[in-house]
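Colleague: Predicted structure and sequence below. I'll ask about it afterward.
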Amino acid sequence: MTEKIIRIATRQSPLALWQAEHVAARLQQAFPGLKTELVKMVTRGDKMLDAPLAKVGGKGLFVKELEQGMLEGTADIAVHSMKDVPVEFPDGLHLAVILDREDPTDAFVSNSYRSLADLPADARIGTSSLRRQCQIKEKFPQAEILSLRGNVNTRLAKLDAGEYDAIILASAGLKRLGLAERITAPLTPDESLPAMGQGAIGIECRIDDAEIHDYLRVLHDEDTSIRVNAERAMNARLNGGCQVPIAGFAEIRGERLFMRGLVGSPDGKLLYRAEAESGLDQAEQLGQGIADDLLRQGADKILRELYS
Ligand SMILES: NCc1[nH]cc(CCC(=O)O)c1CC(=O)O
């Protein structure tokens, strides 16, 4: 197995490169002598940096080009933030493993205020996530939500330039890039329920590539897989990608899986919440049940309006 080279498709943002290099390092640690090579790609989501994500639309904005590379044989695996991975895959590809989860929370980042609770009612808050927006607008109806795109460093630079009173970013991205000290306060799941898969890295590959599966197996994390499977099952039933105001977060306590889900209108006036628990072997049913509960409450009306 020593002459093998695994070609890793990745986006070129500092966070994507960190994640791809992390996977390369973990594989080399497990298989001394194994060679890896990064195949750096640009996705549609990377090109459309000015448009608000909700308007750009389309699922798989950050993964399609990487998938094309694997189907054409220019790459063997693709490393993704699970948050950006659609629930369905193109023919011939699938998700092989999910790695252990980094901090799944959203981070409140501000140079002027110590916490969300300290913000003035009319604060200017930077986020391009409808999920974060609806939860903030529920608590701060008068807050001004301003678009915030670009990689993590660009977003922090915009905050430092005074464009916002605060911004919300994934804690995992800040921690991976060595920017944990920029987290002013992590938000609890009650303050900002995370997105499905947030903080987890997943690896996609060709279904029929048995050799690659033998390598990837060592990276699998069972607890994270169970949690993310529940979260993705909820999104699948709601037909939601990462550009919609949907949050889903599962946690394991002992032998039980606890999950919370949320769908909100972007103006924060309507928020539907659901929670339930199950055994660890019922992750998909748990996520689907949460979705059904949200739909019964009226979530489908919010989602229909967004898609139309
Ligand atoms: N949608 C972009 C994206 N995809 C994954 C992360 C962060 C890392 C992670 O959640 O694993 C981010 C940035 C952010 O939400 O601030």
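Modeller: In hand now; what should we look at? Numbers count the residues shown, from 1 in each chain.
Colleague: When you work out contacts or count neighbours from here on, use the C-alpha atoms and nothing else.
Modeller: Fine.
Colleague: Dig out what the closest residue to the ligand within the stretch 201-308 of the chain forms beta bridges with.
Modeller: Going by Cα to the nearest ligand atom, the ligand is nearest to I201 of the stretch 201-308 of the chain, at 6.2 Å. With DSSP bridges applied, I201 shows beta-bridge pairing to S81.
Colleague: ok, it touching E21?
Modeller: No - the criterion here is Cα atoms under 8 Å, and I201 misses it with E21 at 12.0 Å.
Colleague: What is the burial count for the residue of the stretch 201-308 of the chain closest to the ligand?
Modeller: Neighbour count of I201, defined by other Cα atoms under 10 Å: 25.
Colleague: Any figure for the gap between it and R11?
Modeller: 13 Å (Cα to Cα, to the nearest Å).
Colleague: again with L27
Modeller: 19 Å.
Colleague: between the two, who's got more neighbours?
Modeller: R11 (25 against 21).
Colleague: Okay, and R273 sits in which element?
Modeller: R273 is part of strand 271-279, with elements assigned from DSSP states H and E.
Colleague: in that strand, what's buried?
Modeller: For strand 271-279, burial by neighbour count (16 or more other Cα atoms under 10 Å) applies to 271-275, 277-278.
Colleague: following the helix or strand bottoming out on mean pLDDT in the chain, which helix or strand comes up?
Modeller: Within the chain, judged by mean pLDDT, DSSP states H and E, the helix or strand with the poorest mean is helix 53-56; its value is a mean of 54. With elements assigned by DSSP H and E, the helix or strand that comes after helix 53-56 is helix 64-72.
Colleague: what helices or strands is that next one leaning on?
Modeller: Judged by 3 or more Cα pairs under 8 Å, 6 or more residues apart in numbering; DSSP states H and E, helix 64-72 is in contact with strand 5-11, strand 77-81, strand 201-206.
Colleague: now the ones you listed in a markdown table, with mean pLDDT?
Modeller: Shown next, in a markdown table, are the helices and strands packed on helix 64-72 (pLDDT from 0 to 100):
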| stretch | mean pLDDT |
| --- | --- |
| strand 5-11 | 97 |
| strand 77-81 | 96 |
| strand 201-206 | 98 |
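Colleague: in the stretch 151-300 of the chain, what residue is nearest the ligand?
Modeller: In the stretch 151-300 of the chain, the residue that lies nearest the ligand is G199 (3.3 Å; Cα to the nearest ligand atom).
Colleague: Which pLDDT value belongs to that residue?
Modeller: In this prediction, G199 carries a pLDDT score of 98.
Colleague: quick one: secondary structure of it?
Modeller: Assigned by DSSP: H, G, I helix; E, B strand; the rest coil, the conformation of G199 is coil.
Colleague: Neighbours of E211, how many?
Modeller: 10.
Colleague: Could you pull up the residues touching it?
Modeller: Listed by Cα atoms under 8 Å, 6 or more residues apart in numbering, E211 has no contact partners.
Colleague: quick one: it is in a strand?
Modeller: No - E211 sits outside any strand when classified using three-state DSSP, being helix.
Colleague: Just give the closest residue to D293, not the sequence neighbours.
Modeller: A274 (6.4 Å; Cα to Cα, 6 or more residues apart in numbering).
Colleague: any idea how far the one you found lies from P120?
Modeller: 29 Å.
Colleague: Do I have it right that Y272 meets L262?
Modeller: Yes - using Cα under 8 Å, Y272 makes contact with L262 at a distance of 5.6 Å.
Colleague: Common neighbours of those two, please.
Modeller: The contact sets of Y272 and L262 overlap at L294 (Cα under 8 Å, 6+ apart).
Colleague: and the helix or strand just after the strand holding R273, what other elements does it pack with?
Modeller: Sequence order places helix 283-297 as the next helix or strand after strand 271-279, per DSSP H and E. Helices and strands touching helix 283-297, by 3+ Cα pairs under 8 Å, 6+ apart, are helix 222-238, strand 256-264, strand 271-279.
Colleague: hmm, who's touching helix 283-297?
Modeller: Contacts for helix 283-297 (Cα under 8 Å, 6+ apart): 226-227, 229-235, 237-238, 257, 259-263, 272-278, 300.
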